[in-house]
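Colleague: Sequence and predicted structure, then a few things I'm wondering about:
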Amino acid sequence: AYQWVLYYFAPNKAKEGETYTPQEVIKLIVRILDVEDGSRVLDPACGSGTFLIEAYWRLKELKTGNKKRIPPSRELHTEILRQLYAIDINPFPTQLTSMNLAMKNVRAPTTEANIQTSDFFALSPPDEKELEREGFDAIVGNPPYTRWTEIPDNVQDKIREKLSDDLSSYGLHADVVRGREPGIYVHFIMWARRFLRPGGRLGMIISDSWLQTDYGVNFGRFLLENFKVKALIDLSARVFPVPLIGACILLLEKPKEGENLDDNEIIFIYVNIPEGHSLNVDEVLKVVKKPKDVPPHFIVHIMRQGDIPKDQKWINFLFRPEDILEELEQKTIKMGDIFEPSRGNTI
């Protein structure tokens, strides 16, 4: 409830692209990433820390075998906090994250929390020699949906500086005059890759607008050439309070050296959430693990990564013409089923 108050009474946060993330989405992403006992987890746009709180309980369950959310011992509480890392450009969210994580055991005050108020793009990733020790096993979050023209100038400069080669190689430099304006969530994913250990995974919920745009074609090419794309989950319902924001969940894995990307199988999932219902986490997890056992309100396609065309919009991989025609046929009533038509005067 507190997060809803923050949203409605802090309109400047909405302008900055910050949005409340439903608990079902958070739980799905943390569970689907298979966070392990020793995993180091980063949220580079932590907000109030909801993703890391879910990761906290998951780590606690793995370490104790107990699913009940009872406060862990002082030693275990400290151990878990050492594995969680939070970054946000605004100080208030990092303060909330600090309090929310500390309250998992109020009797065990600690200075071990890895929480930093900083622009994510101002941070430098570990070099290759240090990546195994200082990199992350999982990066999670709901990065801002801010359009390029709304990003502060100093942040734009950092993005151009840090991602210059990738932006040029993949044609992802913003060009507002020509209508190419990638959201900052694209840059978050591109930069987060540098912080992942080989074999590390990234799970984020982002705007689904890129699926239908020209710059999204280039972003898709970046994903195909730099990640094992595990799944793309598009959600029919508006999971955010802002009604015009559509969302999708992107699940990626950083390949190990020499690993073949072409044979990786990508699961494209469209979830038609019935009106009045919320996202069913167990149901989605079951489809991801057994994509051939699909409920009727899911559309699922599996494609070999090497067979994905790099010059097409990704909306084409979620919906195929035959799927749309089949859906129309199922929902279309033939005139002959309603009344008996008669033929009038014709030439």
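Modeller: Happy to help now that I have it.

Colleague: The stretch 1-150 of the chain: helices as residue ranges?
Modeller: 2-8, 11-15, 23-32, 50-64, 74-82, 91-102, 128-134 (DSSP state H, counting those that start in this stretch).

Colleague: which one is Thr110 nearest to, not counting chain neighbours?
Modeller: Thr78 (5.0 Å; Cβ to Cβ, 6 or more residues apart in numbering). Glycine gets a C-beta too; all of them are placed from N, C-alpha and C.

Colleague: you'd agree that neighbour is up against Glu112?
Modeller: Yes. Assessed by Cβ atoms under 8 Å, Thr78 is found in contact with Glu112 at 5.1 Å.

Colleague: just to revisit the earlier point, between the helices of the stretch 1-150 of the chain, which one is nearest to Met190?
Modeller: Smallest distance to Met190 across the helices of the stretch 1-150 of the chain (Cβ to Cβ): 16.6 Å, for helix 128-134.

Colleague: tell me which residues of stretch 163-174 are tucked away?
Modeller: Leu163, Asp166, Leu167, Tyr170, Leu172, His173, Ala174 (16 or more other Cβ atoms under 10 Å).

Colleague: Quick one: residues contacting Ser73.
Modeller: Residues near Ser73 by Cβ atoms under 8 Å, 6 or more residues apart in numbering: Asn105, Ala108.

Colleague: What separation is there between it and Asp311?
Modeller: Ser73 sits 55 Å away from Asp311, going by Cβ to Cβ, to the nearest Å.

Colleague: give the contact list for Leu250.
Modeller: So Leu250 contacts Ile189, Leu202, Gly203, Met204, Ile205, Ile206, Leu223, Val229, Ala231, Leu232 (Cβ under 8 Å, 6+ apart).

Colleague: what do you get if the cut-off is 7 Å, keeping everything else the same?
Modeller: Met204, Ile206, Leu232 (Cβ atoms under 7 Å, 6 or more residues apart in numbering).

Colleague: Okay, now the sheet partners of the helix or strand in which it is found, with direction.
Modeller: Using DSSP states H and E, Leu250 maps to strand 247-253. Sheet pairing here is set by DSSP bridges, and for strand 247-253 it gives strand 196-207 (antiparallel), strand 228-235 (antiparallel).

Colleague: is it true that Met190 touches Asp166?
Modeller: Yes. Using Cβ atoms under 7 Å, Met190 is in contact with Asp166, at 5.6 Å.

Colleague: which stretches of the stretch 151-300 of the chain form helices?
Modeller: 153-162, 164-169, 184-192, 214-226, 281-289.

Colleague: Of all those helices, which one is nearest Pro125?
Modeller: That would be helix 184-192 among those, by Cβ to Cβ, at 8.0 Å.

Colleague: in the stretch 1-150 of the chain, what spans have low per-residue confidence?
Modeller: 1-20 (pLDDT under 70).

Colleague: let's go with 50 and repeat that
Modeller: For the stretch 1-150 of the chain, applying pLDDT under 50 flags the ranges 1-17.

Colleague: Now render the strands paired with strand 247-253 as JSON lines, adding distance to Lys63 and mean pLDDT.
Modeller: JSON lines is the format used below for the strands paired with strand 247-253 (distance: least, Cβ to Cβ, whole Å; pLDDT from 0 to 100):
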{"stretch": "strand 196-207", "distance to Lys63": "20", "mean pLDDT": "96"}
{"stretch": "strand 228-235", "distance to Lys63": "25", "mean pLDDT": "94"}
